[in-house]
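>>> Okay, sequence plus prediction incoming.
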Amino acid sequence: MAKGAFISFEGSEGCGKSTQIELLARHLRALGHRVRTLREPGGTPIGEEIRHTLKHSKNNAAMTAEAELLLMNASRAQLVREVIRPALAAGEVVVCDRFYDSTTAYQGYGRELDLAMVKAVIDIAVGDTRPDLTLLLTVTPETGARRRAQRQANLPFMRDRIEESDQQFFDRVEKGFAAIAAAEPDRFCVVEASGSVENVAGRIWDFVRPALPKLGRW
Ligand code: TMP
């Protein structure tokens, strides 16, 4: 059985996940935990190549929703076996920037693929490797749209196929995340993330700290 703990962060683009993941990792390391931060898609050499194909490749414009679903989960299958399982077995805290809830939200709700099919593909990719805790960071649709536009403007030579999707797509993704979190209230903490970085980090820590001993590994 895994000895470590698995925490995932979810939310739409521009919700501040990367900053909060770094702050949480610093906090946990200061308490003596070994922490592994990862991102999806990506996190392994194979996964980073798949990430490029999904997001930035010049040749990805014709990608179908089904190909997107399978590529996300090919990257995930690799990450689970190459990195996450060994890290958990060694007692590390794994903090992942997105995991399978993103697939349910983006490919299921956003691209409107059949949710049972999406779940079946996720099951192949992860088996019984599932997050213990998931932080869902939310921002208003206006803030999300503004931050996506800023990111695109900061990377003018690097298009991002997924971030080019229309607002209705991102509205469906948000609805998806809300439904997923509501269905698993014990695993999820929903944090409204338009406040200050320190304030959001404080609320995340208030959720994570008491949960760690409950996982039975501290
Ligand atoms: P990010 O690392 O900047 O958040 O980019 C990852 C992108 O991939 C983001 O647009 C969300 C999307 N994504 C999916 O559509 N499905 C998934 O399963 C994952 C992990 C990410």
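Yep, that arrived. Numbers count the residues shown, from 1 in each chain.
>>> What are the phi and psi values at Val126?
Phi and psi for Val126, reported as degrees, to the nearest 10, are phi -110, psi -20.
>>> Check what pLDDT it gets.
You'll see Val126 listed with a pLDDT of 98.
>>> Please report how far the residue nearest to Gly4 when sequence neighbours are not counted lies from the ligand.
Ranked by C-beta to C-beta, 6 or more residues apart in numbering and with sequence neighbours excluded, the top spatial neighbour of Gly4 is Leu88, at 4.0 Å. (Glycine included, C-beta is placed from N, CA and C.) From Leu88 across to the ligand, the span is 19 Å (C-beta to the nearest ligand atom, to the nearest Å).
>>> my guess is Leu88 contacts Ile7, does it?
No: using C-beta atoms under 8 Å, Leu88 makes no contact with Ile7, being 11.2 Å away.
>>> now the worst-scoring helix or strand of the chain on mean pLDDT, how far from the chain's geometric center?
Across the helices and strands of the chain, mean confidence by mean pLDDT, DSSP states H and E is lowest for helix 141-154: a mean of 81. Once both centres are worked out by C-alpha atoms, centre = their mean, to the nearest Å, helix 141-154 turns out to sit 18 Å from its chain's centre.
>>> Which is the succeeding secondary structure element to it?
helix 167-183 (DSSP states H and E).
>>> Give me the contacts around that following helix.
With contact meaning C-beta atoms under 8 Å, 6 or more residues apart in numbering, helix 167-183 is reached by 10-13, 101, 104-106, 108-112, 134, 136, 138, 141, 144-145, 148, 188, 190.
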